Each structure stands twice: as structure tokens, then as C-alpha cells.
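Participant: sequence first, predicted model second:
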Protein chains: 4
Amino acid sequence: MTHPAQQFASDNYAGICPEAWAEMERANGGSAVAYGDDAWTERAADAFRRLFEKDCEVFFVFNGTAANSLALAALCQSFHSVICASSAHVETDECGAPEFFSNGSKLLVAPSASPKLTPAIIRTLAGSRSDIHFPKPRVVTITQPTETGLVYSLDEVRAIAAVCRELGLKLHMDGARFAHACAALGCSPAELSWQAGVDVLCFGGTKNGMAAGEAVIFFDRALAEDFDYRCKQAGQLASKMRFLSAPWIGMLESGAWLRNARHGNACAARLAAAIAGAPGIAFLFPVEANSVFLSAPDGVLDELRRRGWRFYTFIGGGARFMFAWDADPARVDELAADIRAAAAAAAEPLRSSVA
Amino acid sequence: MTHPAQQFASDNYAGICPEAWAEMERANGGSAVAYGDDAWTERAADAFRRLFEKDCEVFFVFNGTAANSLALAALCQSFHSVICASSAHVETDECGAPEFFSNGSKLLVAPSASPKLTPAIIRTLAGSRSDIHFPKPRVVTITQPTETGLVYSLDEVRAIAAVCRELGLKLHMDGARFAHACAALGCSPAELSWQAGVDVLCFGGTKNGMAAGEAVIFFDRALAEDFDYRCKQAGQLASKMRFLSAPWIGMLESGAWLRNARHGNACAARLAAAIAGAPGIAFLFPVEANSVFLSAPDGVLDELRRRGWRFYTFIGGGARFMFAWDADPARVDELAADIRAAAAAAAEPLRSSVA
Amino acid sequence: MTHPAQQFASDNYAGICPEAWAEMERANGGSAVAYGDDAWTERAADAFRRLFEKDCEVFFVFNGTAANSLALAALCQSFHSVICASSAHVETDECGAPEFFSNGSKLLVAPSASPKLTPAIIRTLAGSRSDIHFPKPRVVTITQPTETGLVYSLDEVRAIAAVCRELGLKLHMDGARFAHACAALGCSPAELSWQAGVDVLCFGGTKNGMAAGEAVIFFDRALAEDFDYRCKQAGQLASKMRFLSAPWIGMLESGAWLRNARHGNACAARLAAAIAGAPGIAFLFPVEANSVFLSAPDGVLDELRRRGWRFYTFIGGGARFMFAWDADPARVDELAADIRAAAAAAAEPLRSSVA
Amino acid sequence: MTHPAQQFASDNYAGICPEAWAEMERANGGSAVAYGDDAWTERAADAFRRLFEKDCEVFFVFNGTAANSLALAALCQSFHSVICASSAHVETDECGAPEFFSNGSKLLVAPSASPKLTPAIIRTLAGSRSDIHFPKPRVVTITQPTETGLVYSLDEVRAIAAVCRELGLKLHMDGARFAHACAALGCSPAELSWQAGVDVLCFGGTKNGMAAGEAVIFFDRALAEDFDYRCKQAGQLASKMRFLSAPWIGMLESGAWLRNARHGNACAARLAAAIAGAPGIAFLFPVEANSVFLSAPDGVLDELRRRGWRFYTFIGGGARFMFAWDADPARVDELAADIRAAAAAAAEPLRSSVA
């Protein structure tokens, strides 16, 4: 079977990066103890501890749905609630997984106008009700970068963490693209997580270049109590764990985690630069990480589809393009050219009719 | 890192077989649509349909815990119950996963004396209570081969299916090592599943030579309604699905699924033959698939451990050895020699004292 | 202990009406079989069947939280969703009970501007997403009358039911004050439920004059399959069931269910009439059932509190007054007088300053 | 409707005792704040604090299924397990409620030979597994008196509590008939609960003479954190709470709780004394509380049924008779006479044929 031409509809369209692949191959050289009691898993966990400069607890699970839902379930009882942005993936794209894993914890969703959570929003949501007829707020979750490609600054994260501590809330970070945020901010993983006040981080491997797998990282070890049982019961304990953990060694020890993210971010910036000023094209959100969200006149998106491009339009009515570790700059340029051409063509009749 | 010497404590200690690896590598050659809407996933599902000679519904999930628990949850409501053997993995080794995924379905466990379920046991368990103070039986689950390495004959499966139909119960087969059962019986997958009356089969890929992944196969498509939503919500939808599905192409199209299983079975038979008659050594169960369960006098197991062998002893107090696709016959012979030596050494003082 | 002066903060402040009490007392005259297999329970269920002119399935549970949550759980799987208004009690005041009982079903909440669901809103919500990353809509729930005291007309219910049928959705009615809706519309229970297309109705007894208890009524018996098991498992099967069912006999056979509701509605109308035109006082919603929602200038509500009145202000920022079967018209008049006095006093300085 | 002749099949067949009824009637004299913020509920909770000589946390729920399941859910996460006797009501008669409320906690059931849990059994069950593939033991639950009418002595409870503390387990007591145990032992509620090491007690009101309702009592207030939310979400918060709490005032302040229990126990002893020595009649368990379990020759139970007696036979194959607060001694004597007559008749042919 042949692969289709590269698309930028999702960073999940990408394959496995060489560094992850190589370590998976090495791990496949022989026999190893099952369920994580093997040398690869230990080394991968240690690699995280070094990366985060912290003796944290690290768990490897299969995907982001499970990573975030299990982490939230560990922080909540069923009658608690989780404060999140209206665009939060846990709210919009997990088919009720957080509610399922927690057996009912409700998401308290911020007004949709705000793409990021803020201390003020958290305060309002947390304080809106305090009677037992409404779930008790217990956790704040932020996605870093957001699903719309915005990056919380260190100060923004710190301010959110401060209000969480004040209100007795835990702070969870959905880091499906955590590496991209580090790359964007130029800060260390430690600075952007526990040093900024994050209690639990889900560090995404899939979108960072792996086949599958996310790391759930508890900076406060007390919060990780019995989390291994929780993973097992929820179908998230890999029997041949080394194939889930070894790729992380490749990612972290080689620095690919950051290189891959920088590349994705750079491709997004490249596209943004190349199409800036095209007639009728506007950016729905500032381009800060590895995605570009466009609004475009009628016909432009249709024309792009006609030219073979795939993209999602479920956010803000515009088109989303996302760039993974393997995004081919030449292909990005093709996309830019097609966008400019489509925009120009759409503008033409208008200009004509005006003229 | 170097791999330790091969062990037979579990068939989860094995790596990825060449056929699965090669297809995963091919799948990694470029970009592909996420969440299973890709060519590899379609081809893998079709390969199952051909293998089973049936237009069945096929879902790919990460592991056996999830495969079995989701399948049972699809067949049950929370107030229903699942009839199983006392040695069933869902009862003994899933940390309550079936209860978690179903939100409370109880397992009705057969008396421990019987290693297999029988029509009589099912009838007794299903008929023991019919009031609303006890969960209503809805599903029978059998593990094929059993956790103790026994293989249900085609007639046994058919007889169980007949009583299920009579009592209005669905029949689920935990096929973590389904391939080994086919190999042992010399029958086709179709004969051993839907033609024998099985409604849903979880076909194990991990123990068959893959990195991870099981296929949940619904022979009655009506039972699969919305199962894709169920998988998604439960954290079992892979975003880069092709890496979970492509290995199946390698396994099924090349025939590795059966070759691997035959090899495992043969290694078990090889060990059994080599140690038969060793003093004090007895088989806890007939050796029918890829495992050997031994009982041995005091000291023999300790001696084996001293010689570096790893094995589990949680079933029946004896030692379990399991043989995967990569079991090295020479290493099997080493194990056999060590068992014989340890058995002889243990018997010596006894013989001396008798003499 | 003495009872405080009557308050209208909630119709849950009322006691047990004489008709319910008398039948409970009769039921207490001797011994009866437990768990609903008694003559009172049978007679109560039959009374519902007569009232609804339909051979429906009737279950008696302890309260409305459970009634609605169990009914929705019976209609949904965990990965399904329930369409409701933003003011729906299941969304705003059940502490996540629907999500808990269903193990994760999400509520799809209509935009808050609309106090009632409409076919258009349902169509929009049901059609907003159709991918497996979002829970699949399965049920529409409407509260009749709404939490803000509005009554869906027969035509409105029929139109909602029609769109439900078209879209493959079930229609659930939260009838915590169903009797008040019947009283307001002057229609029969049958007309307002199954004849209008309602699949499952939760008929409230508590707010209608009982100590506790709601009836879950399935007009399509197939939907009630194993619902008795569901109630039992969820802690909603009363052992001395007759004390939950007998009061219904008193309510239904005597006609108290309707008399009580009419009285509550009449008291709301009485208050509304008495305060209409008071300076600065406005009705947040039309007064159609047994509640009155007021907006009032600063100081008026404080003054009412100072005069000893209790009321909730969590809806729309105004004050809610609700009238139960036992509302004393003289006390309603006292409230009206106090509202007028407080309004006048608050208007005084304003008028003075204007003058 | 007329009441049938008194039966002793269950103590749930009894009605409401005068003391509970009277207080419920007083509570019905007027209006009261909803959801437990009323004077009756406060006074009932205080009555428990006085009775237990402890500033404990008290919650009123509708029935025993909920009381026990919620208490266990508060002590467990879904991946924990609960150690119980094989005859424990939570295992045999709750339709999977504990698993439902906890979202999957498994019950670790003692071997069926033992009617009571013992430190040795707990130690064995708690120590049987310590890997993450099996739920982690967290709670021990004992029913006092047991479902078979046996009463744990103070020393037995203390010994169980000691092993719980040693193993890091919490101790829950299902006290559906706690009053009967106090009556049987002649000890104080405090002695039999927290002073003996019980962490949480479910004190049964229904079988003690109320219409419905159990009190969940946390002696360690930290364990009760947010339990009010848990009750609400699970459909166990009564809106007109006073009708659930006021009867407790009648029970506790008047001493009826103990009088009722003593009467039930005395009736059981009366029956036991009256039939002791009847040919072929044997007691399946020592008669220590308010139940009598009989084994009897073929035909005796049929004859009793023929004479109109109702009883359960699902435990041990014999007949269970249970005596509530309202058991009529004359009716107990009728039962005794019928048992003796049936036994004699059954023995007759045997004796004839022997002669």
C-alpha cells in the first residue's frame, strides 16, 4: 500500500520519528519482563525525572484520552467537578471519557468567548455554587498549548496555579503538545510544570512523534497513590510495556522531543508568514505553536478541498492546519501557494464587480 | 541495554515477531488519516473477515483487559452478571476491570474445582437466583485456551453455546491465545468461533507476537451497535490507529498468527516430553496449548530460581512456563535439563534415606 | 418542637397532605409482604394505569434525583448524551447524578437564553456533531412545568416528540410538578404524556403532597426491561414498599393529586395578581404554574428577608416563591402585602428625589 | 384493603412502630426547610451523638442498600476491594450495588464454611495477593448480627478491628439490625461500635420499626468528607428530610430502638424454646438475635406452607423466621404449634414403619 500525499489536517497523521523507532527496535532485540518491570521502562521514567529535574512519579498509558481522564479521576471523586475552558479537549472531543473514568465528575466549562482560562474565570466558576446540589470544584485543567494553538505564558500558568492553591483546587495540565509549548516559550519542562504550580501533567508522546503513548507525571507523589492500580483496572497497563516506554527513551535522551516540537512550530510559522496578507484570509488565533487556524471567504476552503487538501473546520468555522515532526517544508509551501491562489481567485470576481 | 536470557514466565516477555514488525515499518512510511480511517485499518479488518469467513465487525483496542471488559460491557447492563470459571482472567487478574467498565456487573464464578465451564455449571449458576436482589445472568465468558492451558473442544464450545441460547445468554470468548487453540485443535477460526455459537471473540495479538493490541470481533453485527463510541470513551481509540492495525495485516496475511501459535504449543510439548517421568515432577494440567504447569517437591522450584529461571506460582501452587512465538528450543532444552537435574537432586536424599 | 411560620421558598417545605397520610396510616395497620409484592403497591400501580388510560409500567422510587437519573440511564449508554434546557434540574441541581447513574452520559445543554427546549434547538444540538469523539445524542428531557414555572403546551410537547421520533431520540419528561402542568393546561395526564409522544415520565409525588416518592412511568413497556433490577442496584427499592406506594393511592384515588396542584397554581396566581403593578416589581417569567419569579430593585429583597421571608435567588437573580398544596392564602396575602410595602418603600426615595 | 395474617418471613413485613409514627406526625404539623436544614434532622443527629457518646457525623439515607454501598464507596476507590463473609448481604442480596456505587470495587468473599469473619480469614484474604492485577484490599465489612442471626461478641469485633488497623484496612459495620445486637449483648452502642474499633456504622431503622431509613455514622469525621455530596449525587438526599429524620427521634429518645429489638430477639427465643426437641427439627444456627433458621425433614416445610406460613429458604436450605418489633407472641405460639404438629406428622409414618 502506498501512502497518500502528506496532509496537515492533524498532527496525528504523522508516523513514528526515527529516534522513537530506533529505540523500539532495540527494545525488540530479545525477551523482557512484562508489565513495566523491565529496564526500558525504568530508564524511560528516569529520563523524565532528569528532564523535569524532579523525583516525580511517571506512568505510561496508551493515549491522551486515558491519560487525562485517569489523572482527573485520581484527583476527583464522582461528585466533584473540573474547571476547564470551553475549547478543552476533555470537554469537546473525548466522548464523555472524563465523566466515564470518574463515574460522573462534571466539567464546569468557562464561557466560550475566552480561549484560555484565567484566574478570574476560575474564581467565578469555582465560586458560582457552594451547595451540595452542584458538584464541588476540585481541579482546574488547562491545555498547554490550547486546542487553538495558544500558549499560556509562564506568568499565566503561575497566576492560575496561585488561584488554585488559594481555592483548594488541584492544577492539571493537558500537555498533548507540551513539547510545543516548551519550544514556543523557550523554557524548561520544569519551569512550565511543577515550578509554575502544576500538580499533574499529561505529557503527550503521540503528537510528539511516537506511535502511541502518553506519560502521566505526578509532581506530588502523594497524589499518585495507587495510580498503578487505577491504570490497570482501566485497561491502560501494557503487558509488553517496554514498547510503550522505550520510544520515550529515544525521544528524551536524543532531544527529539524538543526538536520535533520546534519543527512543528516552525512549519506553522512558515505557513503563517507565507499567507499573511492574502486577500480575505485571516488568522482565527495568533500562531504560537504548531497550528494555524484560518478564516477564509466562501469558496476558498472548497477550492482547497478540490485541490486535495484535508483539514478540519469544527473550530470557529475556519480551517485548521497542524504540523507534526515530519512536516515537509516543501509541502507546507505547496499549501501556502494553494491558499494564496484560492484566496486570489475568490477575491477576483469581487474585485471585478467592484471595478 | 542488553536483553536478559530468555525466560518462560510469561508469553508477554516476548518481543514483536518479524511479520508484525515489517508491516508496522511499512505503515510508517508516510502520512495517514487518524483514528482508523486509513487503508491499513481497513485492510486489517478485511483480513479478519476473510480469516473468519464472515462479514463481522472488527475493532482494534490496546490490550486484553480493555478488549474483554468492553465486550462484556457491551453485552451487559450494570445490574447483569457474567458467568465465568474460577480461573478466568477477568476474575483473577484484571483488578476489577470488568466491573469498572460495566459500572458494576458482577461475575458469577464457578466452583473452583472445575478448570472449564460446562453446560451443567452454567445451568446451575444461571438458575441459582432469579430475584431482583441478585444480578441477572446475561453473558457466559470462556477463555480459550483456559488460563491453565486447557483447550475446549469444538463439541464443548458448541454444548456451552447451546445452553447459552436456551437460557438467553450471550457467549463471549476470551481469546487472548485464540490462535493457540486453533493450532491445538487443527480447526479453522470460523469453526471455533461463530460456527460453534460464539457471539463475541476477543482475539489476542499481544501474546501472538505483536507489541500490543487485541481485536474485538462481533459476529452478530447488531451487538456491535455504537461499540466505536464505547471504545473512544473508554480510552481505547488509537489516534495513529494504523500502528495498532497494520501489525495484524502482517500476522494474518502471512499466516504468522498460526505459525507463531504452533511454535508455542510445540515448545510446551517439547518441555513436557523432556521432563515426563522426572522424579516428583507432575503436570498440574494436561499440556494442550503453550503452557506447562508443574508441581514439584520442596526445593525443586527454589533450585530452579537459583539457576536463574523465572516463573509464576500463583496457580495451583506449581510453576507455570509459557512459550511464545520466539521461544528458543535450545533454551527450552536448558530448562528441561535444569528441571530434571533439580528433580533428581531433590529426590536423592530421599532415595538415600530410603536406602 | 414548633413549626416556623409558613414559607414559600420551596414546595419541599410542605408536609404530607391528609389524603396521602390517611392511606399511609391504613397501610400501617398490619403486616405486608416486602419489596413491592403487596396489595398497596399493586393498587397504586393500577391507579396510575387508570389515570393514564394506559397499561404502562410503573416503578416507585424515593426521590426525583433517582427517578430522573434512573430513567435516563435506562435510555442511554454511558457514551450517549441527553439534550436538555440550560435550566433543567438534571443539569443545575443534581450534583452530577445523571452522569453518575449512567456512568458518564453527558448533558447537551441548550443555549441559556431559551427557557424551554424547542424543535429547532433539539435539531441543532442533535446535529452539531456526529463523530465518535462526541457523545451520541439519545434522549431529550424536558421539565414540565419548567424549573422557572413555564408550562409546555400540548402542541409544544407534540412538536418536540415529533422531532425526537424523526431523529431517533427518546423523549423523557421530568414531571416533578407534572400535576401542576395538568392543572394549568386543563388536560388529562394521558394527553400530556404518551398521547403527546412522551416515552418515559417521572411523576413527582413529593412536591404534590407526599413525604417522599416519585413514580417512573414507562409508556413503552419494552423500555422498562429489567428496570426493577436497575432500581434495586441503585438503592431505590424500598423494603417496606407499601409506605412509598400507599400514599399514591390516597393521592390518585381521591383526586388530591389534581386538587393540590390547582391550589398551588392558584396561590401563585393570587400572589401575582396582588403584586402586579407594584413599583419596580417585574415577573422574570410568566406565572403559569405554582411559582412566581420576581425581579425587584435593590433593597426590596433585603427588606423581605428582614421581614422574615425565605426565598431562593439563584435563578435569574430574582426571588422565587413556590406554592405547595398547603399554602395558606392568608399567608400568601401577607407576602403580597410585604412585597408591595417593600417595593413602595424602595420607590419612595426615588420618587422623592425625582420630585 | 385488609392486612393478611402476620407472617415472619421477614422483619421487613412489619409496619411503623408507634414511637416513630408519632414523631413523623408531629413533624407533619407545618412547614419546614428542605434537604435536612430543619430542626428535626438536627435533633435526630444529636440523638445519635448522645446515644453513641461521640461527636460523630450522621447522615440519613433511604435504605440499607444505599447506606452500605455509599459508606463502602466513601472508603474505597474503584480499584480497591472489600473483605466480607460469604453470607454478607452486600454480596448476596444487593444486586451488585456496592460495585455500582463504587464503580467497580470487588468484594473479596470469605470461604463459605465460616458464617463470621475472623482475624485469620481477613489476614488470609488481605494477604492473598499484593500485585496490581488484583484489587487492593481496603475495607472489611461485617454484618452485626450476621444475616444468619449470629452476634459478634465485643471481643470478636475488637479482634477484627485490631487486624484491620494492623493491615491498614477500615472497618465497616452493616448494622441493619444493630439494635438487635446491642440487645443481645447487653452492651452500649458505643461499646459495640467506635470503642470496639468500628470506623463507619450503618444503623438500620427500617427493620427496627421505621417506614424506611438508615443512618450512616462516621466515628472518624475525616472519613465523612464530602459525604453529603456523595449522598446527593446518588439519589439519597431526601428533599423533605424531616420525614426521614424525625422517626429516629421517636426511636432514640423513647428507647424504642432497644425495646423493639429486645422484643424481636425475645420472640425468636420464644419460638426456639417452643420447638426445641421437636422430632427432626434442628437449628441451622444458634438463635442469638431475632431470627430462627430451621432444618426440617421433607414434608414439614410443605405442610407449614399449606397451613399458610410464609418463609424464605434460600439460606442453608432451611426455613428462616424473623421477628420484628410487632411480632405477636400469640402468633409466634401458633407458628410453634404448627411446626411441632408438622414435625410430628412427618415423624409419624417413620415411627409407624419402624414399629
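Facilitator: Yes, it's here.

Participant: longest strand of chain A, counting residues only.
Facilitator: With DSSP state E setting the assignment, residue counts place strand A:136-143 as the longest strand in chain A.

Participant: parallel or antiparallel, which strands does that one pair with?
Facilitator: Sheet pairing of strand A:136-143 (DSSP bridges) gives strand A:80-84 (parallel), strand A:170-175 (parallel).

Participant: what residues of stretch A:202-220 count as buried?
Facilitator: For stretch A:202-220, a neighbour-count test (16 or more other C-beta atoms under 10 Å in any protein chain shown) marks A:202-219 as buried. For the C-beta atoms, the positions are set from N, CA and C on the backbone; glycine is no exception.

Participant: okay, now A:Thr92: neighbour count?
Facilitator: A:Thr92: 19 surrounding residues under other C-beta atoms under 10 Å in any protein chain shown.

Participant: tell me the pLDDT of it.
Facilitator: In this prediction, A:Thr92 carries a pLDDT score of 95.

Participant: OK, contacts around it?
Facilitator: A:Ser86, A:Glu147, C:His133, C:Phe134 (C-beta atoms under 8 Å, 6 or more residues apart in numbering or on different chains).

Participant: what are the boundaries of the strands in chain A?
Facilitator: Assignment of strands within chain A using DSSP E yields the ranges A:57-61, A:80-84, A:106-109, A:136-143, A:170-175, A:200-204, A:214-218, A:282-283, A:291-295, A:319-322.

Participant: out of those strands, which is closest to A:Asn260?
Facilitator: Evaluated over those, closeness to A:Asn260 peaks at strand A:200-204, with 11.2 Å, by C-beta to C-beta.

Participant: give me the distance from that closest one to the chain's centre.
Facilitator: Its chain's C-alpha centre and that of strand A:200-204 lie 9 Å apart, by C-alpha atoms, centre = their mean, to the nearest Å.

Participant: and if you look at stretch A:190-201?
Facilitator: Shown here is stretch A:190-201, whose average C-alpha point lies 15 Å from the average C-alpha point of the whole chain (C-alpha atoms, centre = their mean).

Participant: just the terminal-to-terminal distance for that stretch.
Facilitator: 11 Å (C-alpha to C-alpha, to the nearest Å).

Participant: residue contacts, the closest residue to chain B within the stretch 101-250 of chain A?
Facilitator: When distances are taken as C-beta to the nearest C-beta, the stretch 101-250 of chain A approaches chain B most closely through A:Gly235, which lies 3.2 Å from it. Contacts here follow C-beta under 8 Å, 6+ apart; on that basis A:Gly235 touches A:66, B:61-63, B:65-66, B:69-70, B:97, B:101, B:234-236.

Participant: biggest helix in chain A, by residue count?
Facilitator: Assignment by DSSP state H gives helix A:329-354 as the longest helix of chain A.

Participant: taking strand A:291-295 as reference, get the angle to it.
Facilitator: Helix A:329-354 and strand A:291-295 meet at an angle of 10 degrees, taking axes from the mean of the first three to the mean of the last three C-alpha atoms, to 10 degrees as the criterion.

Participant: the closest residue to chain D within the stretch 251-355 of chain A: what's its closest spatial neighbour, skipping adjacent residues?
Facilitator: Ranking the residues of the stretch 251-355 of chain A by distance to chain D (C-beta to the nearest C-beta) places A:Leu252 first, at 24.9 Å. Excluding the flanking residues, the one nearest A:Leu252 by C-beta to C-beta, 6 or more residues apart in numbering or on different chains is A:Ala47, at 4.1 Å.

Participant: again with A:Cys164
Facilitator: With C-beta to C-beta, 6+ apart as the measure, A:Leu171 is the residue that lies nearest to A:Cys164, at 4.6 Å, once sequence neighbours are left out.

Participant: for the one you found, what are its contacts?
Facilitator: Counting by C-beta under 8 Å, 6+ apart, A:Leu171 makes contact with A:Val139, A:Val140, A:Thr141, A:Ile142, A:Ile160, A:Ala161, A:Cys164, A:Gly197, A:Val198, A:Asp199, A:Val200.

Participant: out of those, the closest to B:Arg307 would be?
Facilitator: Distances from the contacts of A:Leu171 to B:Arg307 were compared by C-beta to C-beta; the smallest belongs to A:Val200, at 43.6 Å.

Participant: tell me the pLDDT at the spatially most central residue of chain A?
Facilitator: Centre of chain A computed as the mean C-alpha position; nearest residue by C-alpha atoms, centre = their mean is A:Ala176, 2.5 Å away. A:Ala176 carries a pLDDT score of 98 in this model.

Participant: grab the nearest non-local neighbour of it.
Facilitator: Of all residues not flanking A:Ala176 in the chain, A:Gly204 sits nearest, at 3.9 Å (C-beta to C-beta, 6+ apart).

Participant: pretty sure the one you found contacts A:His180?
Facilitator: No. Using C-beta atoms under 8 Å, A:Gly204 is not in contact with A:His180, being 9.1 Å away.

Participant: which residues are contacting the longest strand of chain A?
Facilitator: Surrounding strand A:136-143, the residues in contact under the criterion C-beta under 8 Å, 6+ apart are A:68, A:72, A:75-77, A:79-85, A:87-90, A:105, A:108, A:116-117, A:122, A:125-126, A:152, A:157, A:160, A:164, A:167, A:169-176, D:226, D:229.

Participant: mind doing that once more with 7 Å?
Facilitator: Residues outside strand A:136-143 that contact it (C-beta atoms under 7 Å, 6 or more residues apart in numbering or on different chains): A:72, A:75-76, A:79-84, A:88-90, A:108, A:117, A:122, A:125-126, A:152, A:160, A:164, A:169-174, A:176, D:226, D:229.

Participant: please apply the same query to stretch A:11-20.
Facilitator: Residues external to stretch A:11-20 that are found in contact with it (C-beta under 7 Å, 6+ apart): A:7, A:206-207, A:209-211, A:247, A:250-251, A:254, A:256, A:260, A:264, A:290, A:322-326, B:28, B:30-34, B:239-240.

Participant: please repeat the previous calculation with a cut-off of 8 Å.
Facilitator: Residues from elsewhere that reach stretch A:11-20, judged by C-beta under 8 Å, 6+ apart: A:6-7, A:24, A:177, A:205-207, A:209-211, A:247-248, A:250-251, A:254, A:256, A:260, A:264, A:290, A:322-327, B:27-35, B:239-240, B:243.

Participant: look up how far A:Arg270 lies from the nearest residue to A:Pro145 once chain neighbours are set aside.
Facilitator: Among residues not flanking A:Pro145 along the chain, A:Ala289 sits closest, at 4.1 Å (C-beta to C-beta, 6+ apart). From A:Ala289 across to A:Arg270, the span is 13 Å (C-beta to C-beta, to the nearest Å).

Participant: the more surrounded of the two?
Facilitator: Neighbour totals were compared for A:Ala289 and A:Arg270, and A:Ala289 leads with 28 against 19 (other C-beta under 10 Å).
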